[in-house]
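Novice: for reference, the sequence and a predicted model appear below.
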Amino acid sequence: VAAQAHMSPRTLERRFRAETGESLAAWIAHRRVERARALLEESDLTVTQVAHTVGFGSAESLRRHFVTRTGTTPRAYRDTFRGSNAS
């Protein structure tokens, strides 16, 4: 990303943090979790399929980031969402 922006990785990180308030890696993980939430709500993809679709290397990586951001697991999130839809 830094090379495409024609700046050093350190400069990119510093400028990105100044603009967004978070690191580039954290920003990307946040967007991936948000997309995963949508897929868990809208699709029948497995958690592993969701993880790969949004760019996480494994279901465990998705789970770790998902729990950090939402306080729940992807499976529990899906069960809750579908439970509220059934009411």
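Specialist: All right, it came through fine.
Novice: count residues in the vicinity of residue 14, would you?
Specialist: By other CB atoms under 10 Å, 12 other residues sit near residue 14. C-beta here means a position set from N, CA and C on the backbone, and glycine is covered the same way.
Novice: where does it sit, in terms of helix or strand?
Specialist: Per DSSP states H and E, residue 14 falls inside helix 9-20.
Novice: ditto for residue 72
Specialist: Here residue 72 is assigned to no helix or strand, by DSSP H and E.
Novice: the helix of greatest length in the chain: how far from the chain's middle?
Specialist: If you go by DSSP state H, the chain has its longest helix at helix 24-42. Between the centre of helix 24-42 and the centre of its chain there are 3 Å (CA atoms, centre = their mean, to the nearest Å).
Novice: name the residues that touch whichever helix or strand comes after it?
Specialist: Using DSSP H and E, the helix or strand that follows helix 24-42 towards the C-terminus is helix 47-54. Outside helix 47-54, the residues that touch it by CB atoms under 8 Å, 6 or more residues apart in numbering are 32-33, 35-36, 39-40, 43, 45, 57-59, 61-63, 74-75, 78.
Novice: give the buried residues for helix 47-54.
Specialist: Across helix 47-54, burial judged by 16 or more other CB atoms under 10 Å covers 47, 50-51, 54.
Novice: reformat those residues as JSON lines; add distance to residue 11 and pLDDT.
Specialist: As requested, the buried residues of helix 47-54 are exported to JSON lines (distance: CB to CB, whole Å; pLDDT from 0 to 100):
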{"residue": "47", "distance to residue 11": "37", "pLDDT": "96"}
{"residue": "50", "distance to residue 11": "34", "pLDDT": "98"}
{"residue": "51", "distance to residue 11": "31", "pLDDT": "98"}
{"residue": "54", "distance to residue 11": "28", "pLDDT": "98"}
